[in-house]
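[1] turn this into a structure:
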Amino acid sequence: MTHLADIRTDYKRGALDENHADPDPIRQFTRWWTEVLASELLESNAMTLATADASGRPSARTVLLKGYDKQGFVFFTNYDSPKGRDLAVNPQATLLFFWRELERQVRIDGTVTRVSAAESDAYYDSRPLASRIGAWASPQSEPIAGKAWLMAKAAEMGLRHGLNPARPPHWGGYRVTPTAVEFWQGRPSRLHDRLLYSLLPDGLWRRERLAP
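    Model (predicted):
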């Protein structure tokens, strides 16, 4: 039997240093994202989203990155879901990418706002029809009677909304505008490279190395 304490990996695939990292964290993310795409990793845009409710109780789940730029990182979901309720009262979040094959992580802390209705509409309209109907059918994270109930609800919504359903008012996008971005590159002997970018009041970024 393998013991948990004996499971370990010595990371050797890359390095990250101040001489080669971009001074801007979004440009540095783009560098890594380009390499991720070239590596053809499965679900490369999957990221952990951590939120907290009004009392500070945290929760986390995996969502998919659907866009990013200097304004932030965008994902879409049901506004009435637990994460939506958390963000309504505490609009702060952390995103975490873990690209195991490249031995890299990126952690993003930031403030969260809803994207514009036009942006949500555009992404919703780009989704497959079954996914658009699913957004109407699913009361996300609420208890339901069973799979048969969900399939019947999807069929009902399909008949009701037809081939060109409008975006449900309870579904749309959020943008995480970063205030801190950390890039982590695994290194041998657990002496990992960690560069933290922190947003300053003047809008510039401070970059510093963290101990592993």
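[2] how long is stretch 40-56 end to end?
    Taking C-alpha to C-alpha, to the nearest Å, stretch 40-56 runs 37 Å from one end to the other.
[3] what mean pLDDT does it get?
    Here stretch 40-56 scores 97 as its mean pLDDT.
[4] and for stretch 165-172?
    Stretch 165-172 comes out at a mean pLDDT of 98.
[5] again, but for stretch 144-160
    Average pLDDT, stretch 144-160: 96.
[6] show me what counts as buried in that stretch.
    153, 154, 157, 158 (16 or more other C-beta atoms under 10 Å). No exception for glycine: its C-beta is placed from N, CA and C like everyone else's.
[7] just give me the neighbour total for residue 195.
    Residue 195: 19 surrounding residues under other C-beta atoms under 10 Å.
[8] show me what it is bridged to.
    residue 183, residue 209 (DSSP bridges).
[9] got the contact list for it?
    Contacts for residue 195 (C-beta atoms under 8 Å, 6 or more residues apart in numbering) come out as 16, 18, 21, 182, 183, 207, 208, 209, 210.
[10] which ones among the buried residues of stretch 144-160 are found in helices?
    Among the buried residues of stretch 144-160, the ones falling in helices (DSSP state H) are 153, 154, 157, 158.
[11] find the nearest non-adjacent residue to the last one, please.
    In this structure, residue 158 finds its nearest non-sequential neighbour in residue 133, 4.9 Å apart by C-beta to C-beta, 6 or more residues apart in numbering.
[12] now the one you found: which helix or strand?
    Per DSSP states H and E, residue 133 falls inside helix 129-137.
[13] quick check, residue 154 in contact with residue 132.
    No: contact between residue 154 and residue 132 fails when scored by C-beta atoms under 8 Å: they sit 10.8 Å apart.
[14] most centrally placed residue in this protein?
    By C-alpha atoms, centre = their mean, the chain has its centre lying nearest to residue 47, at 3.9 Å.
[15] just checking: what are the partner strands of the helix or strand hosting it?
    Element membership for residue 47 (DSSP H and E) is strand 46-52. Strand 46-52 sits in its sheet next to strand 58-64 (antiparallel), strand 92-99 (antiparallel), going by DSSP bridges.
[16] turn those strands into a markdown table, including distance to residue 202.
    Listed next are those as a markdown table, based on distance: least, C-beta to C-beta, whole Å:
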| stretch | distance to residue 202 |
| --- | --- |
| strand 58-64 | 31 |
| strand 92-99 | 21 |
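[17] looking at those, which is buried most?
    Ranked by mean neighbour count, those are led by strand 92-99 with a mean of 18 (mean count of other C-beta atoms under 10 Å).
[18] mind listing residues that contact that one?
    32, 36, 39, 41, 44, 46-52, 65, 73, 87, 104-112, 176.
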